[in-house]
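**Student:** give me a 3D structure for the following:
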Amino acid sequence: MLNRINRIKKNKEFNYIYKKGKYYTSKYFLVHYIDTKLPNTKVGISINKKIGNSVVRSKYKRLMSEIIRLKLPKMVVKNYIITLKPDVVQANYKILDEEFNQFLRKCNLIEDTKDV
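**Tutor:** Residues are numbered from 1 along each chain as shown. Reported below is the predicted structural model:
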């Protein structure tokens with residue numbers, strides 16, 4: 001689970017990032033990101049109700065949260081919103097991890113591309 005200081009929870013923050021930020025899309029998720037003046041990275045995870053019931057949605061939200069938590073120290077300091085797409089139910093931890101690594105490298109949002 002992400003630390004409290006690394007989470008985006010307020011609707012106002014989500015809307016600001018959606019309006020002003022850049023985004024990247026992949027098969028399993030859509031990532032919005034924007035620069036921040038704060039000293040730490042903040043992440044919000046959003047999941048559509050089309051992705052099964054609450055148990056399934058919570059499972060994938062926890063899975064994505066763990067992937068992000070492990071990568072957080074090497075990520076460039078920005079605010080991120082990760083929206084999971086319906087295809088995510090076909091993926092497992094390893095596939096999502098590789099997809100997120102590709103995103104970080106493609107957008108130059110990782111400080112050290114080795115050991116990711």
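**Student:** contacts and neighbour counts: CA atoms only from here.
**Tutor:** OK.
**Student:** secondary structure of E99: a helix, I assume?
**Tutor:** Yes: with DSSP: H, G, I helix; E, B strand; the rest coil as the criterion, E99 is part of a helix.
**Student:** that one: neighbour count?
**Tutor:** By the criterion of other CA atoms under 10 Å, E99 has 15 neighbours.
**Student:** where does it land on pLDDT?
**Tutor:** E99 is assigned 93 on the pLDDT scale.
**Student:** what's near enough to touch it?
**Tutor:** For E99, the contacting residues are 26, 28, by CA atoms under 8 Å, 6 or more residues apart in numbering.
**Student:** so it versus L38, what's the distance?
**Tutor:** Distance of E99 to L38, computed by CA to CA, to the nearest Å: 27 Å.
**Student:** next: E98.
**Tutor:** Distance, E98 to L38, by CA to CA: 28 Å.
**Student:** of the two, who's got more company?
**Tutor:** Using other CA under 10 Å as the criterion, E98 and L38 rank with E98 on top: 13 against 10.
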